[in-house]
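**Q** Any chance you could fold what I've pasted below:
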Amino acid sequence: MVPVGRPGRQRGSAGDPSDLGCHHPAVHHDCVFSEPLHRAGCAIRLVAAPARRSGQSRPGLLNMAGHGAVESRTATGPAIGEPGRMASETRGGVPLFVSSGADAELSESALGLLEIRAASIRGLQHRSAGTERQDAFSVTWDEDSQTLLVLVADGVGSLPDSRLASTRATELGQKLWREGFRDLPELVREINASVVDLARESATKSMATTLTALTIGVCEAGGFDLARCSIGDSPIWILQNSEWTLWSPDGDVDESFSAPITAIPFAEAAVNVQSQLISHGAVFVMTDGVGTPLQLSPDVRLSLAAWWESPPNLFEFGSQVSFARRSFIDDRTVVGVWLGGSGRIPEPTA
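**A** Residues are numbered from 1 along each chain as shown. Here you go, the predicted model:
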């Protein structure tokens, strides 16, 4: 971020993570500032407009020195490789309804050994069509157990009311966590039951969403205890020493992308938990708008590893999540948690 005038001493301070992603707008003009911004820190929703096309020429490509990729600026963010015409030509149009959600939602927080950045950006496909963003996220901190809950949901774009499903999933999960739910499979089942009821009440009865839940516990003896439970294809990636590792639910990396997407609401499905201990690095829960190019493209892996080696400025993070690359035009959502300190993994006990 480029400061205008002299920045105050609190520039860059982070807010209360217990309210990240749960928004009660206080102002609604070109941007919506959530109540947590006024209470403790920074949780911001930026409102832009649906897209139309203009005749602006495509930007030239510049060498991204030292990172093995090419980068240029587009209207939505930095390009990684060839940005494609939509990134150069898609512009804002008439405003969406307030209930449709903001074009961009940004949040940050910091506590102890955890530094958090979160961004959800309306994709070029939705911008071009004048339709709403269907991704959602929430982040919640439990002080007693020293555990963070991250929820990321990707509404299925082919179903018109999927934003309702993704929003319900992340908001209800946050509420249940605050009320004492600590069993991740049971949490997901409760969310599913609520979305089933919501679909029955919907005029179209046509909605679905993925859901990935991640908990990060700070171990007293050092290290970080990760547990995940997911329905659908919203992935978790771990960045350590500039290397990316996909934490797949079944332990295997699926290269085909041909399997059908499981989503909420579901009738019957196995809901399992996987867990691991790690000592350092950063963990990213994301939708496939970022996860797919990250898995398929070495350029994307190199660029994001360089950008996210340490927590970036909040607005830089939002711009980076919205990177332009040809053919990847879906909504983009990433919640990144940087694990600070030496973080020694505790020795197992008998």
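
**Q** From here on, just use CA atoms for contacts and neighbour counts.
**A** Will do.

**Q** Can I take it that Arg189 is in a strand?
**A** No. Counting by DSSP: H, G, I helix; E, B strand; the rest coil, Arg189 falls outside a strand, being helix.

**Q** need the contact list for it.
**A** If you count contacts by C-alpha atoms under 8 Å, 6 or more residues apart in numbering, Arg189 has them with Val271.

**Q** Give me the distance between it and Leu172.
**A** Distance from Arg189 to Leu172, counting by C-alpha to C-alpha, to the nearest Å: 11 Å.

**Q** And Asp233, by the same measure?
**A** 20 Å.

**Q** Which residue of the two possesses the greater neighbour count?
**A** More crowded of Asp233 and Leu172, by other C-alpha atoms under 10 Å: Asp233, with 25 against 19.

**Q** pLDDT value on that one, please?
**A** At Asp233, the predicted lDDT confidence score is 90.

**Q** give the contact list for it.
**A** Thr210, Ile261, Thr262, Thr287, Asp288.

**Q** Looking at the residues you listed, spot the one nearest Ser107.
**A** Closest approach to Ser107 among the contacts of Asp233 (C-alpha to C-alpha): Thr287, at 16.4 Å.

**Q** Show me the strands in the stretch 251-350 of the chain, by range?
**A** Secondary structure of the stretch 251-350 of the chain, counting by DSSP state E, counting those that start in this stretch: strands at 274-278, 281-286, 332-339.

**Q** which strands and helices sit next to the second one?
**A** Translated: strand 281-286. Contact here means 3 or more C-alpha pairs under 8 Å, 6 or more residues apart in numbering; DSSP states H and E; on that basis strand 281-286 packs against strand 147-154, strand 236-240, strand 332-339.

**Q** Dump the C-alpha coordinates for it into CSV.
**A** Listed next in CSV are the C-alpha coordinates belonging to strand 281-286 (Å, rounded to 0.1, in the frame of the first residue of the first chain):
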residue,chain,number,x,y,z
GLY,A,281,4.9,-22.2,7.6
ALA,A,282,1.5,-21.0,6.4
VAL,A,283,-1.8,-22.8,5.8
PHE,A,284,-4.3,-21.6,3.1
VAL,A,285,-7.9,-22.7,2.8
MET,A,286,-9.3,-21.6,-0.6
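
**Q** Just want the angle from it to strand 147-154.
**A** Strand 281-286 runs at 40 degrees relative to strand 147-154, counting by axes from the mean of the first three to the mean of the last three C-alpha atoms, to 10 degrees.

**Q** Within its sheet, name the partner strands of strand 281-286 and how each one runs.
**A** strand 236-240 (antiparallel), strand 332-339 (antiparallel) (DSSP bridges).

**Q** what does the first one rub up against?
**A** Read it as strand 236-240. Residues from elsewhere that reach strand 236-240, judged by C-alpha under 8 Å, 6+ apart: 244-248, 280-286, 305, 309.

**Q** could you give the angle of the helix or strand that that strand is followed by to strand 236-240?
**A** Downstream of strand 236-240, the first helix or strand assigned by DSSP states H and E is strand 243-247. Angle, strand 243-247 to strand 236-240, by the same axes, to 10 degrees: 150 degrees.
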